[in-house]
Each structure stands twice: as structure tokens, then as C-alpha cells.
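Peer 1: Based on what follows, work out the 3D shape:
(one chain, ligands or ions: 1)
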Amino acid sequence: MIKYGMEGKWGVISGGTSGIGLAVARNLVREGATVCLVGRDAEKGQKALAELESGEGEALYVQADLSTLEGCRKVAETVGKDGKKLDFLVNSAGLYQEKTLQDITEDDYNRLMDGNVKSTLFLTQQLLPHFADEGPSIVNIASDAALEGNYGCSLYAAAKGAVVAFTRALALDLAPWIRVNCVCPGDVDTPLVQKQLEEGGYSLESMASVYPLGRIGRPEEVAHVICSILSPLNGFMTGSIVPVDGGLTAK
Ligand code: NAD
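Peer 2: Sure, this is the predicted structure:
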């Protein structure tokens, strides 16, 4: 088993009840960390907790809609209750939508910006007073769409581009206290991509065909990179934007 040096650490994973966030939680709980999963669906939350129970560490679930400041405050209140200081935060909550500019509505704009940018910014802001004095680490999740153009996703690209810019600026503001980095996955086999395939009407094979590695990613592959970035063994890295995309943006 890979050791990230996260035994006994405590932190929050937004969107941690599925996909990439849940894969991160599995790694950390297995190693003896305690994670607070945040999501909107209580049933999904309980299912994730039941799965994580077999690990060395512990997990708890907070139900909150992070696209509202109120939801972000609720997480901070829960986390702040026992006074134990946070070692990490993974901002994995997010959503995808494919639409051409002509069809994008104000409601689409609010959903995509609030669900990807506002959630990341205000959850981080609300949790800030609860971080440990020594060595905490934040990982934000953007996308390959933040780094290069792609078809039909200009709004999502704008939102994830904001997450990249936020990461860089925040890394400066919080240094040398908290390291802040960002992972930019390509397509990864999670519920988000399953929905994208259903709604987009294209096949997994055609999605995979654009990748130099010939396939899309697995959540545990992205989780491994996130846990490596969170790790105290990685103390000299901040403000970095890290693609995990099977070579997609290397072209
Ligand atoms: P996912 O849908 O499995 O996980 C995202 C989770 O965030 C879901 O559980 C969802 O319910 C939750 N969430 C969304 N909005 C929320 C809100 N307002 N409040 C609370 N929870 C909320 O998908 P995933 O692939 O694991 O996505 C994780 C992150 O990775 C997202 O930010 C996504 O944009 C990003 N990403 C994913 C891919 C991919 O191909 N899967 C590629 C690039 C970037």
C-alpha cells in the first residue's frame, strides 16, 4: 500500500461522496486519516460512509449545498465544533455542462459558476480559520478545459479557468502557511462523465480516441496525484497547476 504520510490527519473533501473525491477519501481513510465528506444527497453520503468504515481512519458526512454561502458556513460550523485543526481540504465538488454559447442561459451561468467557482472560493474562505498552524494543504480540481480550448464547453472552461487563476493567487496569499495547488484532470470514468456521455450522445470509444494513452482516466489515478500533492512529503509545492490527462494537453 502506498503511504502518503497522512495517518492521523484530518480534513474536508467537497463532493467526496462520489467519483474523484470518494477515491481520495478511500486512500486517506485506508491510511488512517479522518475525512469530512460534503455533498447534497444524504443517501449518497450514508453509502459512502458505509464503504469507508472498513478503513483505519474515520469518516463523517455533512449535507450542504456548496453553491450557497450558507452551505459553506454550515460545513465550517460542523468542522469547527470540536476545535481540531484541519490538515487538508480537497475542493472536488463541481459540475459539467456542454452547450454552445448561443444556448447558454443566465441560469446555466449561475449554476456552473456557483457550482464550480463560488463553492471552491467560499468553502475555502469559511474553513480558513480552522486550518492547522503547521503544514496544511489545499487541492482544487479544475479540468483540462481550463488549459486548452474544446468544443461546446465555453462556460465550463470559463468556470474551471477561474479555479486555476484562484489557485495561483491564493497560493501567494496563503504562503508560507497553507500550500494551494490545482489538479486538471482529463476525462475520468465517474458519474460526471457517465452523464456527459448520456447527454452528449457520443461513445466512450470516441471520447477515449483523442487521448495519447488511448483511454480515459480512472478516479483512483487522479486520487493518487491529489493525495501525493496533499502529502507532507510534498512540502515545497504550491501554486502548481497539474494536468492528469493521459497526455491530452501535451499535444
Ligand atoms: P462526480 O459527479 O462524481 O463528483 C462531483 C460531486 O460534487 C458529486 O457528488 C456532486 O453531487 C457534488 N456536488 C456538485 N455540486 C455540489 C454542490 N453545489 N454542493 C455540494 N456538492 C456538490 O464527478 P467527478 O468526476 O468526481 O468530479 C469531481 C471534480 O472533478 C469536479 O469538480 C469536476 O468538474 C472535475 N473534473 C472531472 C472530470 C471527469 O472527467 N470526471 C474531468 C475534469 C474535471
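Peer 1: Which secondary structure elements does the longest helix anywhere in the chain sit against?
Peer 2: Longest among the helix segments of the chain by residue count, using DSSP state H, is helix 154-174. If you count contacts as 3 or more C-beta pairs under 8 Å, 6 or more residues apart in numbering; DSSP states H and E, helix 154-174 packs onto helix 106-113, helix 119-127, strand 137-141, strand 179-185, strand 241-244. Heads up, the C-betas are built off the backbone N, CA and C, glycines and all.
Peer 1: make it 6 Å
Peer 2: helix 106-113, strand 179-185 (3 or more C-beta pairs under 6 Å, 6 or more residues apart in numbering; DSSP states H and E).
Peer 1: Spell out whether the shortest one and the ligand are in contact.
Peer 2: Yes - among the residues of strand 179-185, Pro185 lie within reach of the ligand under C-beta under 6 Å from any ligand atom.
Peer 1: Can you give the strand pairings for that strand, parallel or anti for each?
Peer 2: Sheet pairing of strand 179-185 (DSSP bridges) gives strand 137-141 (parallel), strand 241-244 (parallel).
Peer 1: which outside residues touch the first one?
Peer 2: For strand 137-141, contacts defined as C-beta atoms under 6 Å, 6 or more residues apart in numbering pick out 88-92, 120, 163, 167, 178-183, 226, 229-230.
Peer 1: and the stretch 151-251 of the chain, which residues reach the ligand?
Peer 2: Close to the ligand, as judged by C-beta under 6 Å from any ligand atom, the stretch 151-251 of the chain has residues Pro185, Asp187, Val188, Thr190, Pro191, Leu192, Val193.
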